[in-house]
Each structure stands twice: as structure tokens, then as C-alpha cells.
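A.B. asks: Provide a 3D model corresponding to the input given below.
(chains A, B and C)
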Amino acid sequence: MKSLAELEEIRNRMRNQVNLRKEDESSATRIVVGMATCGIAAGARPVLNALVEEVGKRGLADVAVTQTGCIGMCRLEPIVEVMVPGQEKVTYVKMTAEKAQRVVAEHIVNGNVVTEYTIGAVEQ
Amino acid sequence: MEFARAHVLVCGGTGCTSSGSQKIIHEFENQLAANGLEKEVKVIKTGCFGLCALGPVVVVYPEGAFYSMVKVEDVEEIVTEHLLKGRIVKRLLYEETVEDNTIKSLNEVDFYKKQRRIALRNCGVINPENIEEYIAIDGYQALGKVLTSMTPEQVIDEIKESGLRGRGGAGFSTGMKWMFTARADGSNGKYVCCNADEGDPGAFMDRSILEGDPHAVIEAMAIAAYAVGADQGYIYIRAEYPIAVKRLQIAIDQAKEYGLLGEHIFGTDFSFNLEIRLGAGAFVCGEETALMTSIEGHRGEPRPRPPFPANKGLWQKPTLLNNVETYANITQIINNGAEWFQSIGTEKSKGTKVFALGGKIKNTGLVEIPMGTTLREIVEEIGGGIPNGKKFKAAQTGGPSGGCIPASLIDTKIDYDSLIEIGSMMGSGGLIVMDEDTCMVDIAKFFLEFTVDESCGKCTPCRVGTKRMLEILERITKGKGTVEDLDRLEVLAQSIKSAALCGLGQTAPNPVLSTLRYFRDEYMAHVVDKRCPAGVCKDLLSFRIDEGKCKGCGICAKNCPVGAISGQVKQPYHINPDVCVKCGVCMSKCPFKAIANK
Amino acid sequence: MSEKTGVAFQSTKEQEEQLKAVIEKYKKESGALIPVLHEAQDIYGYLPIEVQQKIAEGLGISMAEIYGVVTFYTQFSTNPKGQYKIGVCLGTACYVKGSGNILDKIKDKLGIDVDECTPDGKFSIDATRCIGACGLAPVMTVNEDVYGRLVPEDIDGILAKYM
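C.D. replies: This next block holds a predicted model:
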């Protein structure tokens, strides 16, 4: 270790890994993927992986990708819910890995909901 | 995939390892691979979570699901249900974390709610065998700050200002100790040592810190070395702690590899090397001068003080010696400032203290509380009370050097000075809870047996005096004691306290003195009535069958190994005291609780 | 020759080489004796006079000094240990929860006392200091295996596994 900058670099690189284990999640954005049998059958696994990878690649702190059981609308699987603190929950349906990447880029990073993938748009 | 979406934290502390956590880790790895999840889910072996009674403990993030008493057979279900399908396995959750069907954060659970984790901050959070995880949570920032922006004097002032006192037991000001060592003439070299010879029976906080967060101690020792002007350090650790020794060695090797130990750390002129020295099972080596004699390779006998180690320590050179938990506080004080640390605790005892909660209490394990928390809060709220509906009788702090706190003083605030005032001491932090079935004379005898066994034999008051005290106690527990024996015990205790060479001898009479002070009635029952009220001292027991309760089932007679019980079915049975060997089998077998021994 | 068991000291060529290497490794360090004794005990399982003599010669320390150190520390044993080393924790937490009865039961069952070894070399008993598994009290160990939350009735079953 020759300098503080070197230490800082390791800290920044590793931070996301450990942040997952924070107990206080009130400030964290949560991305939840429906992973019941129906979700997995409809292709939830690649969606989940894409989300995790994208969040990791961008070094997004305070974003947790997690999974849940059946959300209850099996025909619309894979379903992804995005919960940003202080905002209403957004539900994306019929997701794919590509769509997932876009959701991270536009919704999580830039704060713009990808309306065309949301349950409201698809149902119409 | 580099970023795992879920982390499975499995406790690798000694408590959980003993209950099989290594096999659980292995099974998680197998099951994850079988389900194709090995790249998405990371299994991390951490340090102690503190709730040893519920081990093995597994926590799954990001949900923070706290699974307790996990068995190898349960792992498959956690993997296929929780990690694959996202359905938390409710039946395995620690019941306290589930409320109205939702999972509470661990911080809201009674066991953790009143705790404040400073020394244990990283235990159960990071992988102790990976230095990068430590760096990720601000590890080695304090060392960086100290080396690049503070003078040694500023560091010492900060520690002095914080009010930190030694966590090894006596509670001497850490800042003052650093200052004395810094001022000593170091032209022939100085040393920094860490006392990890945690010998108090029932205390295991230092072990948990070393197992769960070894870098915190290494970093603090480097800071101390900079402050006092040393370039070589030793960690003296018990050989009975193999996991801690292994992790510490890994941590030292990694710190060397990353240039955080060795020459020219952070490109400065400061160099520091660190080595482990194994103890070999001698309690007295926890005493500072004995510890140094042992590192030098001799019988670990204490030396008279002065000269103090700050002037003449290891190999006659100025030496700074602090305990593990003391070091674990240092980086936090540097990072957050002395003022922050001062804001926690009581007027004269700042910060927190870690206690190993054990004995007759529901939540055995490690707890870290702000100084000034009452014993009642620890026992009833954090500890979850006494199991089996029994009554709290006393708590023992300070191990063989400390004393008992009786139920009448349960509202005592825990800090250095209040504990001394009531005849106990902080000690290194063992806190053993006793209920009505514990005999206080027997406990005093237990601790004295320990000190007699561990006395190094160098000074007479300790070698001979404690032995004589033990003989008196043995007499009392055998029903051969007299009232005069109690006075004799007190006189002997006072002479040993004032005449013994080192801390071990000076404090050895404490358990006897404090039980005599608060439980004299119980001693009197032993010597006058020849009776042991708690039903522990075998020679004083007499087993009797309560005729009113006995249904005449005959189970006692069938189980009696010496045929001391006779009677007719459906009639009350009788025990022949001349034949009875007081083994207690009949009592444990009686379905009607008709047999008493008091 | 050990006075307690009568098992004669034996040393293989390999063990001798290992001991030599250990002495060589620490020879120049200050405070070398205790680390050397630790490693020597790992090699032989105990520290009989014969091994102490070799260390005395190797490090240039007197036998009196070495014997003094070996007998001072409880971790060092001058008696051979059994194939299965039984340790019963007598730390406070275990004691309060009845580890004394556990120890008595084991002593009874094997017919030997603490620090002794059964004549067939199979079992030895140690009363250990707190091993830190207080959450599981009372605790016993058999080599690497740990048994917790014990009652005396468990002992027969546990020992049977190693008979």
C-alpha cells in the first residue's frame, strides 16, 4: 500500500459487495423479481441475473436486487417490481434480460419510469 | 458473475462451528451448485453473530432473514425455497424476528435492540479472511489518516480525550498508558503487544473479535505503534483458540501482502511488523508482566511492578500492552473522533463493553452494551430472562477475580466504578447468570479451585493462602464447617489481597468475599444447619419422599442403583438414608415431583 | 517412560527429522522455546523427557529450564494422550450447567482419572478450560468432534461411537 488513493480504490470497488448486507434498508431501492414456479418457467432467471449484473456493473450502491414468490399474475410473468423510497411501486411485466438492462439504466439511474413495460401499458 | 445477488452468511465462530456450521457451509455449496446458483449466491463464513444459543446461525441477505439452529437437512429447503424461489422458510426463522408475518430487522429484536456494536461492529458482517471486505467498510482508513495527517502526540491526545479505559479488567486509562510508553526512552527499541490470552472461564469476547474482525486489531496495533514509537508487535493468544489463531495469521499475511504491515506503510517512514505468540494454557499469563515473561520463552511468572512495562517490559524495553477489545475500539475513535466516543456511556466509563452472557439464561451469547446499562436490562431484556421459570439469584462478573451481584442489586448500572463499589469488577467481561439452583458456596469454591490450580507459585500469599481458603470451603461444603471458619476466610482473604504479588493473587479472594457479603445466610445454612439450600452440595443433601405427593408408582425404586428405596405399590415409598448415595436419579425420574433433597 | 501409563517412548526417523527442522527454524529467534515445544508436541503428541533432551541440545537451553517450562503450562503434556482425546469443559458456564457430573460419568465409564490414558491407549481425559462454546454448555470434545447441551445419560452413546 503506497498511498491513500490505493486504499480508496479498493474500498470503492468492494463497497457494493458488502452493502448488500446493510440492515437499514429504508434508504435503499429494491428491485424484486417474482421467482415462483410460474416466474421461473416464464424466464425470470435470466431477468434476475441481468438485473444483478447491471446493478453491479454500474456500481450502484443502495440498490438491492431480491426475489419473491408468486406475485399473483402468472400470465404476465416474468414480473419485476421496483421500489424507490418515497415513490410509488412500479410493476414491470413480461420482462426479458434486455428489458431489465433498460429498466436499470433509465428507471434506477435516471429516474425515468419505462412506461411501455409497466403493467398499465401492457394490460391495455 | 462478479456480483452476487444474494449473500448467505454462515457464522463461523467457535460456538457455531461446534454446533456444525462448517458442514452447513459445505452443504450450501453443494445445494447451490446442484441448483445452478453457485455464481449468483455467495456463501460467506463470518465471525460470531452473538446469539450462540441459537447456533448454527445463517443470515441471508438482501432480505436479512435470520435462520437459527439450522441443521444440515434444512439447507436444501433454504436453497430451493428461499434462494431459488424467493420464499423465505418461515419455520426456520428466529421466532423473535417474525411479527405479524413480516420479518423484522435484526436491530429491532430484543436481543439486539439495546445493544450498541462498536467493538463487534464487523462481527457477523464481513468475511474475516478477506481483507478487501474489511477495507470496503472503511478498514485501514484510520491508519491512513493517522500516518498522513496526525502526529503521534495528536493520536495520544485523541485517545486520552475519548476517555477509553482498558477493557481487560482493571480499567486503566488507555491514553495515559500510551503516553507513558511514548515518553519512555526507546533508543533500543519499543514493543506493542496485544493481550489475547483470554483465560477467564466463560469469557469469549476477545476470541470472537479475533475470529470475526482480526484486521480491526491489527490496524489498531499499527496505530498504537505509530503513537508510541514502536516498530515490532506481538499478539499473545491462547492456543485453545485454534480458529482465532488461524484467522489472525491469515489477516497478518494479507495485511503484509497489501503493504499495510511491513516497511514504509502508505509511503511514509513508518514501519511495523507483527507476530503471533501462542500461549500454552496458563491463566496467570493474562497478567501483563507474566505475559511478557512467557513471550520471552520462560515460565509465565509475574514480576513485581514497578518498573512498569511502559518503561521496562518485553526484553527490558518499553512495551505497550492492551487487550483485544481495547484495540477494537481504537479505529472507531480515530474515525469518528473522541467527542463521539465520549457521548456514549457514563461520566467515568465511556463507550461500550462486550459481555459474554452465559449460565442460566435464555439467550447465551455475546452482547455489547453502552456503559451504564443496568444488569436488569441485560438479564431480562437482552438475555431474555431465566429459562424454566426459575428465579434470578445472582450474576457473576469478572470471573475468578470478580464477584457476584445479588438479585437485590439488579438495577446496578454496569460501569467500572459501580461494579467495584458493590464488590465485583468489570473484568474482561464474562457475565454468568445463576438461578435458585446454584449454590453460592459451591460457586465460590469453584473459582477458588481455579485460582489454586492456576496460581504460579511464585509468591506465598497466593500459593499457600488460596489453598488454605479452598480447604476451609471444602470443609464447609462437606458439612464440617464452623461459624469461626467464616471469619477465618475473611481474615485470610484480606491478607492475600494486600500481600500477593500480582493481579491474580490480589483478586483471587473476591469471589469468596462477595458471596460472604451477599449470601452469608447460605454460608450459615451450611455451617449451622448443615444444609445446602440450593441442593447442590452432595454431602449435605438428604433425599426424602413427600408422602402426600407420592402415588406409589415405584419408578424411583426401580431406578435406584443401590436399592435404597422400598415400599408397596400404591403406598408411599421410603428412602433408607443409610444406603442412599445421593445420586439424584430418583428425583429426576419421579413423575410427580414427590422427592426433595433439601 | 511415562509413570502413569507405562507406554515406552518411540520415535521414528521422520519425527526426528521434523523436530530437527523445527529447532533449526526457531534457533535464532528470541523467545524460541515455547513455539518449539508447541510444534514438538504436534509431532510426538506429547513431550517425554527424550524429546525435551533433544530440544535442550538443539537450542542450547538447560534441561532444568525446559522441564520447568513444560510443567508450568497445562497445554504441554509429559504423558501420552489417547487415540481419542476427551476434553470436558469446566469453564464457568459449563460448570453451572452441570459439566462436573458429565466428567464424573466419563471417569466412571472409562475407569481412569483426568490426565490419564486407558491401558489400551484408546482414550484419555482432560478437564479443559473454557473452550468458548458457552452457548452449548455443558460441552465435551472428542478429538475434533464437539458435543453440546449434554446430560450424563448421553455419555454412553457418545463413547460407544469410538469404542
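A.B. asks: and the gap between B:Leu473 and chain A?
C.D. replies: Separation of B:Leu473 from chain A (CB to the nearest CB, to the nearest Å): 48 Å. No exception for glycine: its C-beta is placed from N, CA and C like everyone else's.
A.B. asks: for B:Val228, same thing?
C.D. replies: Distance, B:Val228 to chain A, by CB to the nearest CB: 22 Å.
A.B. asks: after the one helix or strand C:Ala56 maps to comes which helix or strand?
C.D. replies: Assigned by DSSP states H and E, C:Ala56 belongs to helix C:49-59. Sequence order places helix C:63-72 as the next helix or strand after helix C:49-59, per DSSP H and E.
A.B. asks: ok and that next one relative to helix C:49-59, angle-wise?
C.D. replies: Going by axes from the mean of the first three to the mean of the last three CA atoms, to 10 degrees, helix C:63-72 is angled at 120 degrees with respect to helix C:49-59.
A.B. asks: can I get the CA coordinates of helix C:63-72 in PDB?
C.D. replies: The C-alpha trace of helix C:63-72 is given here as PDB (Å, rounded to 0.1, in the frame of the first residue of the first chain):
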ATOM      1  CA  MET C  63      17.100 -29.300  30.800                       C
ATOM      2  CA  ALA C  64      16.100 -27.700  34.100                       C
ATOM      3  CA  GLU C  65      14.700 -24.600  32.300                       C
ATOM      4  CA  ILE C  66      12.900 -26.700  29.700                       C
ATOM      5  CA  TYR C  67      11.400 -29.100  32.200                       C
ATOM      6  CA  GLY C  68      10.300 -26.000  34.200                       C
ATOM      7  CA  VAL C  69       8.500 -24.500  31.200                       C
ATOM      8  CA  VAL C  70       6.900 -27.800  30.200                       C
ATOM      9  CA  THR C  71       5.500 -28.500  33.600                       C
ATOM     10  CA  PHE C  72       4.300 -24.900  34.100                       C
END
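A.B. asks: tell me the buried residues in it?
C.D. replies: For helix C:63-72, burial by neighbour count (16 or more other CB atoms under 10 Å in any protein chain shown) applies to C:Ile66, C:Tyr67, C:Val69, C:Val70, C:Phe72.
A.B. asks: what residues does the helix or strand bottoming out on mean pLDDT in chain A touch?
C.D. replies: The weakest-scoring helix or strand in chain A, judged by mean pLDDT, DSSP states H and E, is helix A:37-41 (a mean of 77). Helix A:37-41 has contacts (CB atoms under 8 Å, 6 or more residues apart in numbering or on different chains) with A:Val33, A:Cys70, A:Ile71, A:Cys74, A:Glu77, A:Pro78, A:Ile79, B:Leu84, B:Lys85.
A.B. asks: which element is the residue of chain A found nearest chain B on?
C.D. replies: Residue nearest to chain B within chain A: A:Gly56 (2.8 Å; CB to the nearest CB). Element membership for A:Gly56, per DSSP H and E: helix A:44-57.
A.B. asks: by contact count, what packs against that helix?
C.D. replies: Judged by 3 or more CB pairs under 8 Å, 6 or more residues apart in numbering or on different chains; DSSP states H and E, helix A:44-57 is in contact with strand A:29-34, strand A:63-68, helix A:97-102.
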